[in-house]
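**Student:** One predicted model, sequence on top.
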Amino acid sequence: MNVEINYFVTIICLFFFSRRESEVISTITSIFALAIALITSALLPVDIFLVSYVKNQNGTFKVFIHPPFSIIFVTNPVFLVFFRTNIYYTVT
């Protein structure tokens, strides 16, 4: 997905910049800034889905998520996607 977003951003930036009036560093900065914004906004629907998937309307956890062991299986993949790190819990 990152390759497609970077390709899209590069094409859009190069299409809209004037060849006579643009600088290389401003073009590269615009490409990186737009790519970071699109990649960040692509994670927002995932976060909304995960919150609505594990919580009820009143904010309590759904029945299948109550044991602490189940929470580990939901939170570890989320931390891997968002922060690229694992969190380790001790189940008591």
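**Tutor:** Perfect, thanks for sending it.
**Student:** for the residue in the chain sticking out farthest from the centre, helix, strand, or coil?
**Tutor:** In the chain, the residue that sits farthest from the middle, by Cα atoms, centre = their mean, is Arg20; the gap is 35.7 Å. Under the three-state scheme (DSSP: H, G, I helix; E, B strand; the rest coil), Arg20 adopts coil.
**Student:** Who are the contact partners of it?
**Tutor:** With contact set as Cβ atoms under 8 Å, 6 or more residues apart in numbering, Arg20 has no partners. Quick note: C-beta positions are derived from backbone N, CA and C, even for glycine.
**Student:** which SSE is the residue lying closest to Val78 once chain neighbours are set aside in?
**Tutor:** Of all residues not flanking Val78 in the chain, Leu50 sits nearest, at 6.0 Å (Cβ to Cβ, 6 or more residues apart in numbering). Element membership for Leu50 (DSSP states H and E) is helix 24-54.
**Student:** For that helix, which helices and strands make contact with it?
**Tutor:** Judged by 3 or more Cβ pairs under 8 Å, 6 or more residues apart in numbering; DSSP states H and E, the packing partners of helix 24-54 are helix 2-16, helix 68-83.
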